[in-house]
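[1] Let me see the structure of the following:
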Amino acid sequence: MCMYPNTIGSMDVLPVITVEPIAFVFMFATFGEYTCAQDLLFTNNCVHYFQSNQCLIDKSEESDALLAIESQTTQQLMYYNSILAIASIFSSFISGSYGDSCGRLVPLSVPPLLSFIVQCLFIISSFRLSPAVDILPLVLICSLISGLSGGSSSFLANCFGFVSDKSRQKQRTQRLVILEANVFCGAFLGSITTDLCQMRAKEKEWFPELASKLHLWDGSVDEFIVSVCTEPTTPLGHIFFGATGLALCLLPLAQYYLLPQICDTSIAIIGILSRTLGLILIGLATNSGLMFSSIILLTFCEFPLPAIRSLLSKLVDTTERGKVFAFLTLFHNLCSLSGGILFPLIYKNAINNNRYSGLCFQITAALQVMAMSLFIYIRYELKSAHFVQTANESTDPSETNSILDEDNGGADNDNTTDT
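    Numbering: from 1, shown residues only. Prediction:
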């Protein structure tokens with residue numbers, strides 16, 4: 001029996017909406033901003049390469065010039081991401097602590113405000129593209145400004161803290177999954193919408209151009225993997241992120257109609273199992289059909305994160321949630337940043353040295369199995385009376401009876417509604 005069943009007592013949507021639309025819009029703008037930064041840096045390098053006021057290169061045709069420009073852009077994006085990640089570490093913890101003690105309005109307001117300023121600077125930069133002006137310093141300053149605001153790490157930490165504060169224990173996982181789905185879908189739609197707008201701005205046909213990139217991959221499996229790993233904002237990456245985002249959107253409905261008593265650890269185990277099977281298939285893939293099949297297996301791979309957030313929110317005091325969520329978001333972002341840099345390098349090195357390129361995927365799958373084992377152990381521990389007592393001591397007194405009732409069969413005598 002699960003310690004924390006997750007269900008919303010009614011399907012009235014409006015009474016439970018809090019920061020979800022704000023998170024969607026913010027992530028839409030943030031990922032659109034990042035896509036614009038990529039294109040801005042590429043165009044800036046192209047203009048300097050050809051010493052012309054226009055970028056005189058076609059990305060669809062392989063050339064030495066394209067390779068040089070893309071290599072330089074990738075290096076500059078690494079600087080951009082590194083400055084953003086390092087600057088956001090300290091500001092996110094400050095923001096999380098402030099939100100826990102003084103309220104979450106200010107920490108939720110600062111990142112969008114500074115993001116607006118950064119996007120205005122990007123617009124100004126786009127009008128100054130010429131061989132005589134290098135906009136890279138301004139772009140890196142924009143990265144620093146976003147980092148000092150806490151960026152998405154600070155904003156999301158306080159969003160998840162706010163929803164945790166306003167939701168009851170039995171509802172919390174479902175509420176956090178809904179918020180996670182808004183974050184994921186906002187990021188996905190922001191990226192792909194910006195791509196389409198850039199195609200339009202460059203006087204290309206929208207859907208023929210997009211469809212030409214979505215044909216079944218006709219290169220090698222190695223080329224396919226390198227393409228998705230190094231360029232996640234391409235349509236090939238959009239297929240994966242779209243599938244995982246759709247799964248997150250459907251999870252709250254599945255919780256309500258099909259699995260109302262499913263607990264946090266079960267959701268996390270399902271997500272880890274999905275990622276494990278997908279990675280194993282990628283490592284063994286020998287053709288494009290198997291590669292696309294792996295996307296199906298990876299569909300549920302984003303389930304663990306909202307489950308972890310929900311579990312942590314039930315085990316820590318309300319005055320610590322912002323800091324815990326900030327740490328979790330920062331750790332997630334740092335892992336994504338380091339993995340996005342190291343994994344393609346290791347994979348390309350394996351290809352160049354004629355080694356078994358699937359080995360890194362098998363090793364990653366083994367790490368997922370270790371994570372799954374930890375969740376199974378946590379699930380076992382959560383069932384013990386001693387661990388329930390420990391959790392009660394670290395949560396609000398008003399929620400103590402709720403935890404015990406849920407552990408005894410999911411009964412909940414609290415008929416109050418969210419405020």
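
[2] and the closest residue to residue 70 other than its chain neighbours, how far is that from residue 175?
    Closest residue to residue 70 apart from its sequence neighbours, by CB to CB, 6 or more residues apart in numbering: residue 42 at 7.3 Å. From N, CA and C alone the C-beta is placed, and that goes for glycine too. Distance of residue 42 to residue 175, given as CB to CB, to the nearest Å: 39 Å.

[3] Looking at the two, which is more packed in?
    Shown here are residue 42 and residue 175; by other CB atoms under 10 Å, residue 175 has more neighbours (25 against 21).

[4] so where is the protein shaky, pLDDT-wise?
    Residues of the chain that meet the criterion pLDDT under 70 lie in 1-16, 58-62, 200-238, 340-341, 344, 348, 351-352, 357, 385-419.

[5] Identify the single longest helix in it, thanks.
    Longest helix in the chain, counting residues (DSSP state H): helix 64-102.

[6] which strands and helices sit next to that one?
    Using 3 or more CB pairs under 8 Å, 6 or more residues apart in numbering; DSSP states H and E, the elements in contact with helix 64-102 are helix 20-50, helix 105-126, helix 136-148, helix 151-166, helix 321-352.

[7] What are the buried residues along it?
    66, 69-70, 72-74, 76-77, 80-85, 87-89, 91-93, 95-100 (16 or more other CB atoms under 10 Å).

[8] likewise stretch 104-115?
    Buried residues in stretch 104-115 (16+ other CB under 10 Å): 104, 107-108, 110-111, 114-115.

[9] Then stretch 297-313?
    Using 16+ other CB under 10 Å as the burial criterion, the residues of stretch 297-313 that qualify are 297-313.

[10] how far away is the residue nearest the centre of the chain from residue 331?
    Centroid-nearest residue in the chain, with CA atoms, centre = their mean: residue 184, separated by 6.1 Å. Counting by CB to CB, the gap from residue 184 to residue 331 is 18 Å.

[11] do the same with residue 181
    Residue 181 is 21 Å from residue 331, by CB to CB.

[12] of those two, who's got more company?
    For residue 181 and residue 331, the more surrounded residue by other CB under 10 Å is residue 181, and the numbers stand at 23 against 12.

[13] And that one, how close does it get to residue 267?
    For residue 181 relative to residue 267 (CB to CB), the value is 13 Å.

[14] Between those two, which contacts overlap?
    In terms of CB atoms under 8 Å, 6 or more residues apart in numbering, residue 181 and residue 267 are both contacted by the residues residue 251.

[15] on contacts alone, who are the packing partners of the one helix or strand residue 367 maps to?
    Per DSSP states H and E, residue 367 falls inside helix 359-382. Other helices and strands packing on helix 359-382, by 3+ CB pairs under 8 Å, 6+ apart, are helix 264-284, helix 304-315, helix 321-352, helix 385-393.
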